[in-house]
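Enquirer: please find the sequence and the predicted model below.
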Amino acid sequence: MNKFASIVLGLCLCLNMVQGLNQIVRKGNLFFDSITGKQFWVKGVDYQPKNSIGQNFDVLADPVTINRDLPYLQALGLNAIRVYETNSSLNHDVCMQILDNAGIYVILDVPTPTTSITTTNPAWNQDLFVNFAAKIDAFATYGNILAYIASNEVSTTVNNTDASAYVKAAVRDVKAYVRSKGLSTPVGYAIADAGDIATAQEQYFACSGDGSDSPDFYGINIYRWCGNSTYQISGYDVVTQTFTNWPIAVLFSEYGCNNPSPRIFTEVLSLYSSNMTGVFSGGLVYEYSQEVNQFGLVQVNYGNNTVTPLIDYYNYQTQLAKVNNTASSATLSTYTYSPITVPCPAVNTSSWIAASSPLPPAINPTFCACALNSFTCRVNFTSSTPLLTTYVQQVVQQYQFLCGEAGGIYCANVATNAITGTYGIYSACDALTRLSSAMNAYYLANQGGANPATCDFGGFGKLQTPSGVACSNATTSSTQASTTRNTVTTSNSGDSSRTVSTTSTSTSNSASVTGTSTSSTGSSASASGSSSSGSRTSTQENSDASAMAIGILSIVALLL
């Protein structure tokens, strides 16, 4: 047994003597230990080793992997790891307890590759929320969950900054869900250190009335300090000045430039120096295991499931050992702060295109279920629907067909446009409700009462007796001066009419679909929730159809 193995084995034998971790809370722009009141800085690593066949997997559900890596994490002197991918359906009790005993907190990414807000096809709806909420539920009982990250690097260039509207809405709803469970766990967003949009992006997420739709913290994925740089040369001084007196906390969710290599991590002492500790709450080095991008601290030998520390590992260990933050005078009970007021960025083509207000609607399953029951024509779907792959293909085809007809008018109530800040009243609902809304609009506008076959859609649709109940969706957002109300009223006379009205503080939106004998002019709708030109492009239709298919898959997973 080599010297390093002997040291880490000794550390493992002492793990059970470590007491349970105290909850970390945010006050202003800093983190504190909720029991001792001392300021808390993250000293960590991004942790997502692969499985034996080189794939990402839920490492927090695999005690073998955690026990393999724990000695090396402990020997670094870490107090936190960031884990990107987990499976809410698995059990995490053993691994989370092992980490808690070891004094290690977990910063958990809520999305997964298949259930996330994407850069190219952004959306925020009930299907995504159900998966996000399931992740929160799966980890809510663990005392060493330090924070949740609602999304990671969604906007990276000017032309995709509209996606940030959906991220901010997700942050708002995830925060509300966490608080509804009686938890104060911080919810954040990991942003790319992208120069051309950096200022506008920082402003966008921090500008808020009561803070309900702003993250509790930013995680910055930052790679400015390369080699033996300095506080000034690296630009750390500029970043620190930017976030001084910021209204939310900030930490480095990824850092560690690997050019040149090996990394010497001289930025560690700067990050935990008095220059930065009043502004930043530490950070996490990217990343634990060596992968194809060559950022690893250790080499995992997957064949025999052993670990070999690399030079980067020892260099990071050496620098962390020099850190001493005990001199901080900030405490939870005495800390006061005077945050700056952050303005929302102006919408322009050079740096930012997402409207700051309103945001996408808040998730309201009760409203969506009521709306689905109010339709005369809806999707014919049950948990026993056969041939799932074929069914999902039909979803895509039907949605593309409906949204391509009559200038997209049948999809007006489910369409979104983050650039203009217009969102259809059903746009945040689940996939079944969204698609049923489009089918119902088409049915009523095309001889609905006189020709029931208009709802058949090749067996894909079915008629139902509408509930006739008024469905109210009242939500309050800090980006809006007052309550936004969406009201759906169904009025059926031979299934021939249905009126939908929406009112918000920013604009008065109304859409009505009335059945007549013509297919192209038998309905009317405002431009609310559709593209700014009043029509939808094939790209938008494909994007929405993809989201619809993913939503259907999520629903199937819940039903089966």
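Expert: Noted; the coordinates are in hand. Numbers count the residues shown, from 1 in each chain.
Enquirer: what's the end-to-end length of stretch 313-330?
Expert: Using C-alpha to C-alpha, to the nearest Å, the end-to-end distance of stretch 313-330 comes to 31 Å.
Enquirer: surely Val285 meets Phe265?
Expert: Yes - in terms of C-beta atoms under 8 Å, Val285 counts as a neighbour of Phe265; the distance is 7.3 Å. All C-beta atoms are positioned from the backbone trio N, CA, C, and that covers glycine.
Enquirer: quickly list what's touching both of these two.
Expert: Residues touching both Val285 and Phe265 by C-beta atoms under 8 Å, 6 or more residues apart in numbering: Gly256, Tyr316.
Enquirer: so for those two, which sits in the more crowded spot?
Expert: A side-by-side neighbour count of Val285 and Phe265, using other C-beta atoms under 10 Å, places Val285 first with 27 against 21.
Enquirer: how about the more buried one: what's its closest non-neighbour residue?
Expert: Ranked by C-beta to C-beta, 6 or more residues apart in numbering and with sequence neighbours excluded, the top spatial neighbour of Val285 is Gly256, at 4.5 Å.
Enquirer: would you say Gln398 is within a strand?
Expert: No - going by DSSP: H, G, I helix; E, B strand; the rest coil, the assignment for Gln398 is helix, not a strand.
Enquirer: distance check, it against Cys455.
Expert: 12 Å (C-beta to C-beta, to the nearest Å).
Enquirer: got any residues that touch both of the two?
Expert: Common neighbours of Gln398 and Cys455 (C-beta under 8 Å, 6+ apart) are Met439.
Enquirer: more crowded one of these two?
Expert: Between Gln398 and Cys455, Cys455 has the larger neighbour count (other C-beta under 10 Å), namely 24 against 21.
Enquirer: got phi/psi on that one?
Expert: Here is the backbone geometry of Cys455 (degrees, to the nearest 10): phi -100, psi 0.
Enquirer: got the buried residues for stretch 208-226?
Expert: Using 16 or more other C-beta atoms under 10 Å as the test for burial, stretch 208-226 gives 208, 212-226.
Enquirer: narrow these to those in helices?
Expert: Among the buried residues of stretch 208-226, no member falls in helices (criterion: DSSP state H).
Enquirer: so of those residues, which ones are in strands?
Expert: Among these, the members found in strands (DSSP state E) are Phe217, Tyr218, Gly219, Ile220, Asn221, Ile222.
Enquirer: CSV for the residues you listed, including pLDDT and distance to Val178?
Expert: Listed next are those as CSV, based on pLDDT from 0 to 100; distance: C-beta to C-beta, whole Å:
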residue, pLDDT, distance to Val178
Phe217, 97, 13
Tyr218, 95, 17
Gly219, 97, 16
Ile220, 97, 22
Asn221, 97, 23
Ile222, 97, 26
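Enquirer: same list (those) but as CSV, adding distance to Tyr313.
Expert: Below are those laid out as CSV (distance: C-beta to C-beta, whole Å):
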residue, distance to Tyr313
Phe217, 27
Tyr218, 27
Gly219, 22
Ile220, 23
Asn221, 21
Ile222, 21
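Enquirer: need the three-state assignment for Tyr316.
Expert: Recorded secondary structure, Tyr316: helix (three-state DSSP).
Enquirer: what about the closest residue in space to it that isn't next to it in sequence, which SS state?
Expert: Computed as C-beta to C-beta, 6+ apart, the closest residue to Tyr316 that is not its neighbour in sequence is Phe265, at 4.9 Å. Secondary structure for Phe265, judged by three-state DSSP, is coil.
Enquirer: tell me the contacts of Phe265?
Expert: Counting by C-beta under 8 Å, 6+ apart, Phe265 touches Gly256, Val285, Asp312, Asn315, Tyr316, Thr318, Gln319.
Enquirer: Lys175: which of the residues you listed is nearest?
Expert: Nearest to Lys175 among the contacts of Phe265 is Val285, at 27.2 Å by C-beta to C-beta.
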